[in-house]
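structure of the sequence below:
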Amino acid sequence: MNNTQLDQELKKLLTSSVIKIDEPLYKYTYTETGGAADVYVEAGTVEDTAAVIAFANKNNIPVTYLGNGSNIIIRDGGIRGIVVSLLKLNDIRVEGRTLVAESGAAIIDASRLALQHELSGLEFACGIPGSVGGAVYMNAGAYGGEAKDCLTQVTAINESGDFVKLTLEELELGYRTSRVQTEHLVVVSAEFELSEEKNYDEIKAVMDDLTEKRESKQPLEYPSCGSVFQRPPGNFAGKLIQDAGLQGYRIGGVEVSKKHAGFMVNVDGGTAGDYEALIEHVQNTIQDQFGVVLHREVRIIGDNLEK
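Numbering: from 1, shown residues only. The predicted structure is shown next:
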C-alpha cells in the first residue's frame, strides 16, 4: 500500500482527524529538526486513535505517536508508515481532588488548572514542556517531583487497538521508564490524585519559584530537546559535561549550551544528524575522561537521511 492509497483508506476510516501525506515533522519538534512522515494523522478523538492503531496492526503498517515533541529527536530521513499526533486530545478537568487529563494536554496546563482549583501535587510540572502522555511515558520529573508521586491510573490503547486501564502499580514507573514504553502502549488519559492541604498563594509561590529557577538556568531562548541525558548515579550529567570543557562545543548548527551543559541547542539551522553526532561526542568524551557512561534521556526515532 503506497502513501496515496494509505491516505485514502484512512480518510474512509477516520471521521474526526486531519490526514497529510509527506508532512515535514520539523514543524512539530522543539529541536526544529526532522524529516517527513509518510502519512501524518492529527487524531481528533480517542476513537479515531484506537481505529488508527487497529488498522495499522491489521495491515502491518508501522505507527509512531507524537505528543508535543519536546524530548525527542526525529532523524532527518523522517518516519515510515503512520505518525499519529495526539495533541488534539487535550481536555483537562477536575473532579474533587482528582485531575483527569487527556494525553495531548500540556502537563504545564494541568499544573495551572490544579492551581486554579487550589490543588497541590503538580507544582513540579509547571515548567516541564511536555504532554501528559509523554509525562506518563517517561515518568517525567523535575525539582524533586515525578509523575508517579500523584498519578493514580491511566487509560491506554494496546497494539491491537483495545482500551486498557492501568493502576499506578501496574504502570511500573521508574526513573524515566514505564510499562507504557516496554509494551508500546498509547496513553489516552491520566488521572492524578491531588492534595487540598495548601491554598492558592502557597501553591503559586512554589510554582513561581520553580519557574524562576528554570528560566534563569535553562537555555529557553533556543530550540532544544530539553535535558539530553539521564542523571548518572551519584553525579550530574551537566556537571560532568561542564568539567570536561564541552560547553559551547558545536557540531554543525547544534552546540552544548553555554548556559546549561545538560542541554544541546539548535543555534544555526542544525539537523538531527548534528544532534546525534554531538550526543555521541559528549558520551565518548565523558567516558574517556571520567569513566562514566551517559545514557540518553531524549528519544531518537526515525530514519537517517540517505546520502
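
and the strands in the stretch 151-300 of the chain?
Counting by DSSP state E, counting those that start in this stretch, the stretch 151-300 of the chain has these strands, from start to end: 151-157, 163-167, 186-193, 224-227, 250-251, 254-256, 263-266, 299-301.

next SSE downstream of the helix or strand of the chain with the lowest mean pLDDT?
Within the chain, confidence by mean pLDDT, DSSP states H and E is lowest for strand 141-142 among all helices and strands, at a mean of 88. Sequence order places strand 145-146 as the next helix or strand after strand 141-142, per DSSP states H and E.

who's in contact with that following strand?
Strand 145-146 has contacts (C-beta atoms under 8 Å, 6 or more residues apart in numbering) with Glu123, Phe124, Ala125, Asn139, Ala140, Leu173. In short, each C-beta sits where N, CA and C put it, glycine included.

how far off centre is it?
For strand 145-146, the separation from the chain centroid amounts to 15 Å (computed by C-alpha atoms, centre = their mean, to the nearest Å).

just stretch 36-52 next, same as before
Relative to its parent chain, stretch 36-52 has a centroid offset of 17 Å by C-alpha atoms, centre = their mean.

over to stretch 206-224?
Using C-alpha atoms, centre = their mean, the mean C-alpha position of stretch 206-224 is found 18 Å from that of the whole chain.

could you pull out the buried residues of that stretch?
Neighbour counts over stretch 206-224 (16 or more other C-beta atoms under 10 Å) mark Val206, Met207, Leu210, Arg214, Gln218, Pro219, Tyr222, Pro223, Ser224 as buried.

same deal with stretch 188-207?
Using 16+ other C-beta under 10 Å as the test for burial, stretch 188-207 gives Val188, Ser189, Ala190, Glu191, Phe192, Glu193, Leu194, Lys198, Ile203, Lys204, Val206, Met207.

distance check, the second one against Ala142.
Taken as C-beta to C-beta, to the nearest Å, the spacing of Ser189 relative to Ala142 amounts to 22 Å.

the last one too?
Met207 sits at a distance of 12 Å from Ala142 (criterion: C-beta to C-beta).

send me stretch 221-229 as PDB with only the CA atoms.
Output of stretch 221-229 as PDB, limited to C-alpha atoms (Å, rounded to 0.1, in the frame of the first residue of the first chain):
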ATOM      1  CA  GLU A 221      15.800  31.200  24.000                       C
ATOM      2  CA  TYR A 222      16.900  28.400  21.600                       C
ATOM      3  CA  PRO A 223      15.300  25.300  20.200                       C
ATOM      4  CA  SER A 224      16.300  22.200  22.100                       C
ATOM      5  CA  CYS A 225      15.200  18.800  23.100                       C
ATOM      6  CA  GLY A 226      15.300  19.500  26.900                       C
ATOM      7  CA  SER A 227      17.600  17.500  29.200                       C
ATOM      8  CA  VAL A 228      19.600  15.300  26.900                       C
ATOM      9  CA  PHE A 229      21.000  12.700  29.400                       C
END
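
average pLDDT across it?
Mean pLDDT, stretch 221-229: 94.

who's in contact with that stretch?
The contact list for stretch 221-229 (C-beta under 8 Å, 6+ apart) reads 29-32, 70-73, 129-130, 237, 257, 262-267, 275, 279, 282, 294-298.
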